[in-house]
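Sequence isn't available, so here's the structure alone:
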């Protein structure tokens with residue numbers, strides 16, 4: 001009997017996971033912003049093609065990662081039409097070695113990359129306005145410094 005309960009539980013978890021993935025795909029097809037998903041296969045190309053990439057490292061099981069999900073979507077919506085910075089995320093569950101490569105040990109971690117290199121970790125308040133203002137100030141500061149060179 002216990003084995004049967006375990007089987008039903010596993011099936012339920014699988015169906016739940018499929019519905020969550022389906023919801024993410026549906027939201028991107030409806031035109032809503034979904035952060036660029038980094039993987040071990042695409043991250044080098046994404047870093048190569050974008051001067052600044054602001055990455056959220058997260059896990060699905062982390063309550064703090066879940067809490068910042070909507071906030072990160074708002075940040076992505078704000079910058080989706082701007083070429084100055086790409087808003088991205090990486091799930092450290094399936095891509096743990098990649099997260100370890102960037103010395104990520106807690107979730108969620110927000111890191112700004114410049115030219116594919118870890119540049120600065122965001123350590124401020126976790127509200128959409130604070131993060132959006134951080135990105136705005138970061139870009140303005142970088143443009144001034146880059147223009148001075």
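On my side now, so go ahead. No experiment lies behind these values; they were computed from the predicted model shown.

can you list the residues that contact the host helix or strand of residue 129?
Using DSSP states H and E, residue 129 maps to helix 128-148. Helix 128-148 is contacted from outside by 52, 54, 71-72, 74-75, 78-79, 84-85, 110, 112, 114, 120, 122, 124, using Cβ atoms under 8 Å, 6 or more residues apart in numbering. For the C-beta atoms, the positions are set from N, CA and C on the backbone; glycine is no exception.

Would you mark the buried spots in stretch 87-99?
Buried residues in stretch 87-99, defined by neighbour count with 16 or more other Cβ atoms under 10 Å: 87, 88, 89, 90, 91, 92, 95, 98, 99.

Kindly list the main-chain dihedrals of the last one?
When quoted as degrees, to the nearest 10, the phi and psi of residue 99 stand at phi -60, psi -40.

cool, and the second one?
Geometry field for residue 88 lists phi and psi as phi -140, psi 170, criterion degrees, to the nearest 10.

Pretty sure it sits against residue 37.
Yes. Contact criterion Cβ atoms under 8 Å: residue 88 and residue 37 qualify, at 7.3 Å.

Which strand residues bridge the residue nearest the centre of the chain?
Most central in the chain under Cα atoms, centre = their mean is residue 89, positioned 1.8 Å from the mean C-alpha point. Beta-bridge pairing for residue 89 (DSSP bridges): residue 37, residue 56.

In this model residue 75 seems to touch it, though I could be wrong.
No. Counting by Cβ under 8 Å, residue 89 stays clear of residue 75, with 10.3 Å between them.
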